[in-house]
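Student: Sharing a model prediction with you, sequence too.
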Amino acid sequence: MAGTAMSARQDAQHGGSLSSASTSEGTSVRYTPGPGGRPAHSGQPLRVGRPLVVAIDGPSGSGKSSISKEVARRLRLAYLDTGAMYRAVAWDCLERGLDLADGALVEAAARALDLELSTSADAERVVVRGHDVTAAIREPRISSAVSAVATNLGVRDELIRRQRALLAAHGRRMVVEGRDITTVVARDAEVRLLLTASEEARMRRRGAQLGGTQTAEQLHEQVVARDAKDSTVASFTQAADGVFTVDSSDLDFDQTVDAVLGVVHAAVGGRPAGA
Ligand SMILES: Nc1ncnc2c1ncn2[C@@H]1O[C@H](COP(=O)(O)OP(=O)(O)OP(=O)(O)O)[C@@H](O)[C@H]1O
Ligand SMILES: Nc1ccn([C@@H]2O[C@H](COP(=O)(O)O)[C@@H](O)[C@H]2O)c(=O)n1
């Protein structure tokens, strides 16, 4: 990835700027909005006819799903929410009354899972054994149970296999987000990015997303405690070698999309289709 090319780069047409700082901990990207807050990147297809995998990892509530969807729309790429796959396995196990501590049983459930998942950023749809579970898998009870499933290495093996098959089926033109995409699922992605935000910002955003229905303790459980459990099997708090970091704590939604698009452009050359 062309990380160094990004250093103190000013977008000539629009004015937003990205600068990068490389330390022994990786490359962090700092984004400064253009005059009047105008976005630097409206987004257009890139590398048409060639692979373009944008791999995005990050902790809970950092904005992976919402930002990835918007980036996929702008670049006209497919979109894969790998967390939805782990949530679907958790839903299936709970629905069937399986003991989540029974590793062999949970792995078998994942391998046999009849799962239909939309790969369009505009159509969220998750169907398990014919049941539409799109909304059900987002419920706090699933957020609380999902780490027990995701820390099962047999489950991970099966879901990683399915994720790679989906990438191949889309000609490797996809934004893929989760916890182990930059480090395991798509280590060879054209663009690899860690999206972070402070714990405070992430809990605040998740609280607002759930309509203020959760107590501070519940939010802590669903965001911070879940990250701690998930960290035992995936590395998403520090960027791996060659992975850019975007910290969205002080950026609003549009600025974060713009910053991520800036990283994509810098990494793959930035020539839009037909340019
Ligand atoms: N930069 C931002 N500024 C303000 N709100 C944001 C920003 N990025 C995301 N959000 C909002 O924060 C909430 C959480 O984002 P999102 O669900 O995308 O996080 P996530 O990383 O996918 O979380 P999880 O891994 O727990 O599913 C959403 O309501 C989203 O719209
Ligand atoms: N690549 C991934 C993605 C997700 N997980 C696990 O799924 C849970 C739900 O993910 P969300 O992004 O929808 O919050 C998450 O807490 C992890 O347990 C994973 O392990 N690897």
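Tutor: Received, thanks. Ligands and ions are numbered 1, 2, ... in the order given.

Student: Give me the phi and psi angles of the closest residue in space to L100 that isn't next to it in sequence.
Tutor: Spatially, and ignoring its direct neighbours in sequence, L100 is nearest to A148 (4.1 Å; C-beta to C-beta, 6 or more residues apart in numbering). Just so you know, the C-beta spots here come from the backbone N, C-alpha and C atoms, and that holds for glycine as well. The phi/psi pair for A148 (degrees, to the nearest 10) reads phi -60, psi -30.

Student: residue contacts, A148?
Tutor: Taking C-beta atoms under 8 Å, 6 or more residues apart in numbering, we find A148 in contact with 90, 100-101, 106, 229.

Student: Make TSV out of those and add neighbour count, distance to ligand 1 and secondary structure.
Tutor: Output for the contacts of A148, formatted as TSV (neighbours: other C-beta atoms under 10 Å; distance: C-beta to the nearest ligand atom, whole Å; DSSP: H, G, I helix; E, B strand; the rest coil):
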residue	neighbour count	distance to ligand 1	secondary structure
A90	26	13	helix
L100	19	19	coil
A101	9	23	coil
V106	23	21	helix
K229	13	13	helix
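
Student: Max pairwise distance over the residues you listed: which two?
Tutor: V106 and K229 (14.8 Å; C-beta to C-beta).

Student: want to try a markdown table for the contacts of A148, with pLDDT as columns?
Tutor: Output for those, formatted as a markdown table (pLDDT from 0 to 100):
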| residue | pLDDT |
| --- | --- |
| A90 | 98 |
| L100 | 97 |
| A101 | 97 |
| V106 | 98 |
| K229 | 96 |
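
Student: Looking at the residues you listed, spot the one nearest G211.
Tutor: Taking C-beta to C-beta as the measure, G211 lies nearest A90 of these, at 22.0 Å.

Student: Right, I'll leave it there.
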